[in-house]
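**Q** Got a sequence here, can you build the structure:
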Amino acid sequence: MALAASLAFCIYCGHTALAASGLSPDATSAKEKVGSMSENRSAAGAIATDVQSRTVRAAIGEYLQIGFVAFVIVFGFIRPFIAEPYKIPSGSMEDTLLVGDRVLVIKFLYGVKLPGTSRRLFAFRKPQRGDVFVFSPKHDPRTHFIKRVVAVEGDTVETRGHSLLVNGKPLVGESYVKHLAGSLPDFPPFHYPLVPYFHESPTVTPFTRGFGAHIPVHDVQVGDGVPIAFRVGDEPQFLVRHVRERRKSLPPGDAGVNEYFTVDAESEMGSLLIRVVLYQKALTGEWFLSDRIEREEFARRNGEDAPFTVPPGHFFGMGDNRENSADSRAWGPVPFDVVKGKAILVYWSSNGDPGVPFLKRFRWSRIGRFIRAQYGDGSW
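**A** Here you go, the predicted structure:
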């Protein structure tokens, strides 16, 4: 649609430019008339032909310039701010969305985000329960995730086996949800170590405190800019065996942390292997460790049935394929600041299997399918 709009705009503007230059479909007849003049006016005819040729070249040049500007407007302005396509990379949203689906995401519904700020203009509304939305989470800001909103700010969330409880009530009639054999650990606590944002943001930390481990570490040794050893309390030294990720910490909320490291570390006694997040506060130089905690420890600290409350300005996203989805149960709620838009349509779908005939790779029945905002049985 954008390409068609661009081409139509280019053609219209090009005809306008030609008209402005004084050219018309009858322009060539003028050349024939000049050629039929008497020989004593041949020089004037040559001059007129040369002028006309240069005029045509100038008009074509203007035509191309207008076309280029139109292309930039459509693909450089409208696409980033109005709508954008995304490809589904994993099965976490099956069977609502399949690997190989390409979806159209509208951005203006939640507001046009000003680059480099958290401000949004012309917002119609915020994400609501049941919306399928696209975002780049704090732990992986270069990757687009797509999940369903199951809770908004102020809601309480917990899971027990296959049941999702929001504000203390089981969500029933989730016909769009897929369950596999077995289940993930109950939530809370969080299944992964939280990144510094959730420990250093004043508006978020009161809600995440106690739902994961946040521990000071000391005697931190650094080599080539990365931690290679550290101690926790009076425990034996931990040696970093592998740095899995090294990421810059992005504001807002954790501006006092320049970067953090996801590491595999082993006790020097060789008896314990852990995967944690390490980070240093820029102002004080203090080092901290972020880790997940076991359900038993969480219950001891907070009570057996303590739910998680979604912080202001955040959303709790979960995949429809509940036992095959890393989502807010794992790495925390989604800040509005990182939300890209709402998925509304599957505009193309392919299984990408090179072993089947070309035309059979495409899932024709899925093309043009709308993505419904669904939440339980609709009686919420």
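**Q** and the closest residue in space to residue 165 that isn't next to it in sequence, how many neighbours does it have?
**A** Closest residue to residue 165 apart from its sequence neighbours, by CB to CB, 6 or more residues apart in numbering: residue 158 at 4.9 Å. (C-beta placed from N, C-alpha, C; glycine too.) Residue 158 has 18 neighbouring residues, counting by other CB atoms under 10 Å.
**Q** So for the helix or strand hosting residue 158, mean pLDDT?
**A** Assigned by DSSP states H and E, residue 158 falls within strand 156-160. What strand 156-160 shows for mean pLDDT is 95.
**Q** strands paired with the helix or strand that that strand is followed by, and their directions?
**A** Going down the chain from strand 156-160, the next helix or strand is strand 163-166, by DSSP H and E. Sheet pairing for strand 163-166, assigned by DSSP bridges, gives strand 156-160 (antiparallel), strand 169-170 (antiparallel).
**Q** most tightly surrounded among the ones you listed?
**A** Most buried of the strands paired with strand 163-166 by mean neighbour count (mean count of other CB atoms under 10 Å) is strand 156-160; its value is a mean of 17.
**Q** ok, back up a step: which other residues reach the strand holding residue 158?
**A** Applying CB atoms under 8 Å, 6 or more residues apart in numbering, the contact partners of strand 156-160 are 150-151, 164-168, 184, 186-188, 305, 307-310, 316, 328-329.
**Q** what's the burial count for residue 261?
**A** There are 18 residues near residue 261, going by other CB under 10 Å.
**Q** who touches it in this structure?
**A** 226-227, 243, 245-247, 277-279.
**Q** Relative to residue 331, how far out is it?
**A** 16 Å (CB to CB, to the nearest Å).
**Q** what do you get for residue 188?
**A** Distance from residue 188 to residue 331, by CB to CB: 13 Å.
**Q** And residue 289, by the same measure?
**A** Residue 289 is 16 Å from residue 331, by CB to CB.
**Q** closest to residue 146 out of the strands paired with strand 163-166?
**A** Residue 146 sits nearest to strand 156-160 of all the strands paired with strand 163-166, at 18.9 Å, using CB to CB.
**Q** CA atoms only: put that closest one into PDB for me.
**A** In PDB, the C-alpha atoms belonging to strand 156-160 read as follows (Å, rounded to 0.1, in the frame of the first residue of the first chain):
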ATOM      1  CA  THR A 156      -1.800  -8.500  40.700                       C
ATOM      2  CA  VAL A 157      -0.500 -11.600  38.800                       C
ATOM      3  CA  GLU A 158       0.300 -15.100  39.800                       C
ATOM      4  CA  THR A 159       0.300 -18.600  38.200                       C
ATOM      5  CA  ARG A 160      -0.500 -22.000  39.700                       C
END
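**Q** Next up, the contacts around residue 342.
**A** So residue 342 contacts 105-106, 109-110, 127, 131-134, 373 (CB under 8 Å, 6+ apart).
**Q** Which of the residues you listed fall in strands?
**A** Secondary structure from DSSP state E places 105-106, 132-134 of the contacts of residue 342 in strands.
**Q** from the residues you listed, which two are the most distant?
**A** Checking these with CB to CB, the most distant pair is 106 and 132, at 11.4 Å.
**Q** With neighbour numbers in mind, choose between the two.
**A** Ranked by neighbour count (other CB under 10 Å), residue 106 and residue 132 place residue 132 first, with 24 against 17.
**Q** For the more buried one, give me its contacts.
**A** 93, 96-97, 146-149, 342-343, 371, 373.
**Q** tell me which of those is nearest to residue 358?
**A** Nearest to residue 358, judged by CB to CB, of the contacts of residue 132 is residue 97 at 22.9 Å.
**Q** Going by secondary structure, that closest one is in what exactly?
**A** Using DSSP H and E, no helix or strand contains residue 97.
**Q** how far away is it from residue 86?
**A** 10 Å.
**Q** so what sits against both of these two?
**A** 103, 146, 343.
**Q** Might one say that the second one is in contact with residue 90?
**A** The one in question is residue 146. No. Assessed by CB atoms under 8 Å, residue 146 is found out of contact with residue 90, at 9.0 Å.
**Q** show me where the stretch 251-380 of the chain has helices.
**A** With DSSP state H, counting those that start in this stretch, the ranges of helices along the stretch 251-380 of the chain come out as 295-302, 328-331.
**Q** List of residues touching the first one?
**A** Contacts of helix 295-302 with the rest of the structure, by CB under 8 Å, 6+ apart, involve 185-186, 188-189, 210-211, 293, 306.
**Q** Emit the ChimeraX select command for whichever of those residues are buried.
**A** Selection of buried members from the contacts of helix 295-302 for ChimeraX, criterion 16 or more other CB atoms under 10 Å:
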select :186,188,189,210,211,293,306
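**Q** Output the contacts of helix 295-302 in TSV, with pLDDT, distance to residue 299 and secondary structure appended to each entry.
**A** Shown next, in TSV, are those (pLDDT from 0 to 100; distance: CB to CB, whole Å; DSSP: H, G, I helix; E, B strand; the rest coil):
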residue	pLDDT	distance to residue 299	secondary structure
185	90	12	coil
186	92	10	coil
188	95	10	coil
189	95	9	coil
210	91	11	coil
211	94	12	coil
293	93	10	coil
306	91	8	coil
